[in-house]
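Engineer: here is my input, please return the structure:
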Amino acid sequence: MKPTILIVDDEPAIRQSLRGLLEDEGYQVLEAKNGEEGLLTVRNEDHHIDAVLLDIWMGAVDGIEVLQSLRKSHPALPIIMLSGHANIETAVKATKLGAYHFVEKPFSADTLLLTLRHAIRETRLETENLRLKKDSGRDAHEIIGNSPVITRMVEEVKRAAQSDAWVLIQGENGTGKEAVAHLIHNLSARAEGPFVEVNSAAIPEELIESELFGHEAGAFTGATGKKIGKFDQANDGTLLLDEIGDMSLKTQAKILRVLQEQRFERVGGAKTIQVNVRVIAASNKRLEDEIKAGAFREDLYYRLAVLPLEVPPLRDRAGDVPLLVNHFLQFFTGVYGQKSRTLHPEAMGILERYQWPGNVRELRNIVERMVIMTSAREISRMDIPPAILMAVEGRSAPPLGVQGDLTALGGTYREAKEAFERGYVKAMLARHGGNISKTAEAIQLERSNLHKKIKLLNIELE
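Structural biologist: Here you go, the predicted structure:
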């Protein structure tokens with residue numbers, strides 16, 4: 001569903017101008033000619049309004065009063081103030097009262113549209129983040145699937161969660177090792193405690209000790225104050241050491257001592273700190289091979305691998321692909337405020353046959369891309385990235401906007417050219433969500449010329 005914008009302004013010409021601009025960009029538009037009507041429109045449960053363009057100077061109820069009222073009744077609704085008689089004092093007052101932004105008349109169409117897009121996007125992301133937090137990370141860390149390998153792994157995870165033993169999770173990049181670690185924590189007796197992550201590959205060698213154990217002020221150049229390390233932060237909870245196979249041998253030795261004794265000293269400190277931490281380690285490398293190569297300590301491996309878990313690659317659980325696709329479709333249509341989507345059976349079959357070298361993470365990214373780049377309710381084979389089509393079918397996808405065999409086309413050259421143009425423009429509009437400005441920029445055509453072309457080709461905007 002396209003976002004709905006409410007225009008509240010007592011000047012009919014302004015409302016008409018804004019309506020034309022917004023409808024060209026694919027927005028649904030509602031109008032109110034004064035503040036009282038604007039408040040009634042927002043409170044009408046038949047409407048779902050995504051943003052408000054609100055004039056300041058109106059009749060009996062001015063924009064500031066409307067803003068104050070809406071901030072109380074709809075605190076998450078983004079409100080952009082409009083005024084042709086603005087001053088700094090008014091702008092500051094509106095911002096302090098909760099206005100998202102302040103735009104002066106006469107306004108730049110590009111500036112107003114950019115502000116509006118940012119307001120809607122940020123509000124939706126904030127709403128989604130709150131929902132994810134409320135749901136305790138269910139969508140972010142849920143393990144989706146009912147294939148034999150994933151069912152067996154989930155059972156192993158549940159058993160591992162009942163104990164307090166160290167866990168070693170191994171699997172390829174993108175398989176969901178972090179989700180497994182979160183599930184273990186959430187099902188364990190430590191669920192109310194902190195869950196702290198450390199990406200061993202992302203921290204420079206010279207800073208890893210400070211990151212893990214913390215440091216005292218003056219411990220080294222730049223240490224201006226005391227820092228609490230990850231082990232300290234994870235006390236009474238769970239610490240995930242991600243990509244532990246990339247940790248240096250020197251740091252591995254210090255980690256081993258902490259695991260054995262559950263105590264450590266901060267860098268530059270003399271005080272011994274006792275902690276109660278459950279450690280889960282994860283690696284995309286085969287640590288057994290790293291031991292043979294002399295890159296990983298054998299004693300640390302056996303200390304961590306009390307409960308070894310293997311996360312299967314997606315190619316070994318192809319039957320889970322439809323479940324994952326539908327899960328991500330629902331998730332991302334919610335994130336971007338779009339209508340629910342389905343996948344054509346042919347498109348789903350292609351995704352099931354693909355080998356997914358990037359595993360679940362790659363599938364998630366592909367679904368997000370298709371949700372953003374297509375506007376049709378049903379996602380078809382044509383919407384699948386060409387690289388995947390080539391990998392599955394051994395050939396490239398048809399050129400954009402061309403359907404079927406060109407030799408089968410009839411009619412005159414002019415008719416064929418018009419058919420191609422219509423298909424091309426429709427495809428590019430769909431790729432950019434019906435947004436005329438973005439489409440014009442992408443195909444290097446003036447916005448006004450594209451608008452004329454759409455009317456000339458009798459293309460209906462969704």
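Engineer: could you point out which element follows the helix or strand bottoming out on mean pLDDT in the chain?
Structural biologist: Lowest by mean pLDDT, DSSP states H and E among the helices and strands of the chain is helix 138-141, with a mean of 50. Downstream of helix 138-141, the next assigned helix or strand under DSSP states H and E is helix 148-161.
Engineer: buried residues of that following helix, list them for me.
Structural biologist: Residues Val149, Ile150, Met153, Glu156, Val157, Ala160, Ala161 are the ones in helix 148-161 that count as buried (16 or more other Cβ atoms under 10 Å). To be clear about C-beta, it is placed using only N, CA and C from the backbone, and glycine gets the same treatment.
Engineer: just stretch 453-461 next, same as before
Structural biologist: Buried residues in stretch 453-461, counted by 16+ other Cβ under 10 Å: Lys453, Ile454, Leu461.
Engineer: what of stretch 77-94?
Structural biologist: For stretch 77-94, by 16+ other Cβ under 10 Å, it's Leu77, Pro78, Ile79, Ile80, Met81, Leu82, Ser83, Ala86, Thr90, Ala91, Lys93, Ala94.
Engineer: now, which of these sits nearest Gln260?
Structural biologist: Gln260 has its nearest neighbour among the buried residues of stretch 77-94 in Pro78, at 53.3 Å by Cβ to Cβ.
Engineer: give the contact list for the closest one.
Structural biologist: The contact partners of Pro78, by Cβ atoms under 8 Å, 6 or more residues apart in numbering, come to Asp50, Ala51, Val52, Tyr100, Ala119, Ile120, Glu122, Thr123.
Engineer: can I take it that Lys250 is in a strand?
Structural biologist: No. Lys250 sits outside any strand when classified using DSSP: H, G, I helix; E, B strand; the rest coil, being helix.
Engineer: ok, it to Ser283 distance?
Structural biologist: 18 Å (Cβ to Cβ, to the nearest Å).
Engineer: of those two, give the one with the bigger neighbour count.
Structural biologist: Ser283 (24 against 11; other Cβ atoms under 10 Å).
Engineer: the helix or strand in which Arg361 is found - what's its average pLDDT?
Structural biologist: Taking DSSP H and E as the criterion, Arg361 maps to helix 359-373. Helix 359-373 comes out with an average pLDDT of 92.
Engineer: tell me the strands beside the helix or strand just after it, with direction?
Structural biologist: From helix 359-373 onward toward the C-terminus, using DSSP H and E, the following helix or strand is strand 378-379. Sheet partners assigned to strand 378-379 using DSSP bridges are listed as strand 342-343 (parallel).
Engineer: ok, residues contacting the strand it pairs with?
Structural biologist: Val325, Asn326, Leu329, Leu351, Arg377, Glu378, Ile379.
Engineer: enumerate every residue touching the first one.
Structural biologist: When you say that, I think you mean Val325. Going by Cβ under 8 Å, 6+ apart, the list of residues near Val325 reads Leu343, Met348, Leu351, Leu363, Val367.
Engineer: do the same with the third one
Structural biologist: Shown here is Leu329, whose contacts under the criterion Cβ under 8 Å, 6+ apart are Ser340, Arg341, Thr342, Leu343, Val367, Val371.
Engineer: next, the buried residues of the helix or strand harbouring it.
Structural biologist: Taking DSSP H and E as the criterion, Leu329 maps to helix 321-335. Going by neighbour count (16+ other Cβ under 10 Å), the buried part of helix 321-335 is Val321, Leu324, Val325, Asn326, His327, Phe328, Leu329, Phe331, Phe332, Thr333, Gly334, Val335.
Engineer: just to revisit the earlier point, which single one of the buried residues of helix 148-161 is nearest to Asp316?
Structural biologist: Val149 (5.8 Å).
Engineer: not counting residues beside it along the chain, what's closest to that closest one?
Structural biologist: Closest residue to Val149 apart from its sequence neighbours, by Cβ to Cβ, 6 or more residues apart in numbering: Pro312 at 4.5 Å.
Engineer: is it true that Arg447 touches Lys438?
Structural biologist: No. Counting by Cβ atoms under 8 Å, Arg447 stays clear of Lys438, with 9.8 Å between them.
Engineer: elements contacting whatever helix or strand Lys72 lives in?
Structural biologist: With secondary structure defined by DSSP H and E, Lys72 is part of helix 63-73. Applying 3 or more Cβ pairs under 8 Å, 6 or more residues apart in numbering; DSSP states H and E, we find helix 63-73 packed against helix 35-43, strand 51-55, strand 79-83, helix 88-96.
Engineer: what are the ranges of the helices in the stretch 351-462 of the chain?
Structural biologist: Per DSSP state H, counting those that start in this stretch, the stretch 351-462 of the chain carries helices over the ranges 359-373, 386-393, 413-431, 436-442, 447-456.
Engineer: and those, which one averages the lowest pLDDT?
Structural biologist: helix 413-431 (a mean of 76).
Engineer: export that helix to CSV, keeping only CA atoms.
Structural biologist: What follows is helix 413-431, C-alpha atoms only, in CSV (Å, rounded to 0.1, in the frame of the first residue of the first chain):
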residue,chain,number,x,y,z
TYR,A,413,8.1,-0.9,-36.7
ARG,A,414,6.3,2.0,-35.0
GLU,A,415,4.0,-0.3,-33.1
ALA,A,416,6.9,-2.6,-32.1
LYS,A,417,8.9,0.4,-30.9
GLU,A,418,5.9,1.7,-28.9
ALA,A,419,5.4,-1.8,-27.3
PHE,A,420,9.0,-1.9,-26.3
GLU,A,421,8.9,1.6,-24.8
ARG,A,422,5.7,0.7,-22.9
GLY,A,423,7.3,-2.4,-21.5
TYR,A,424,10.6,-0.7,-20.7
VAL,A,425,8.9,2.3,-18.9
LYS,A,426,6.6,0.0,-16.9
ALA,A,427,9.5,-2.2,-15.9
MET,A,428,11.6,0.7,-14.7
LEU,A,429,8.7,2.3,-12.8
ALA,A,430,8.1,-1.1,-11.1
ARG,A,431,11.8,-1.3,-10.2
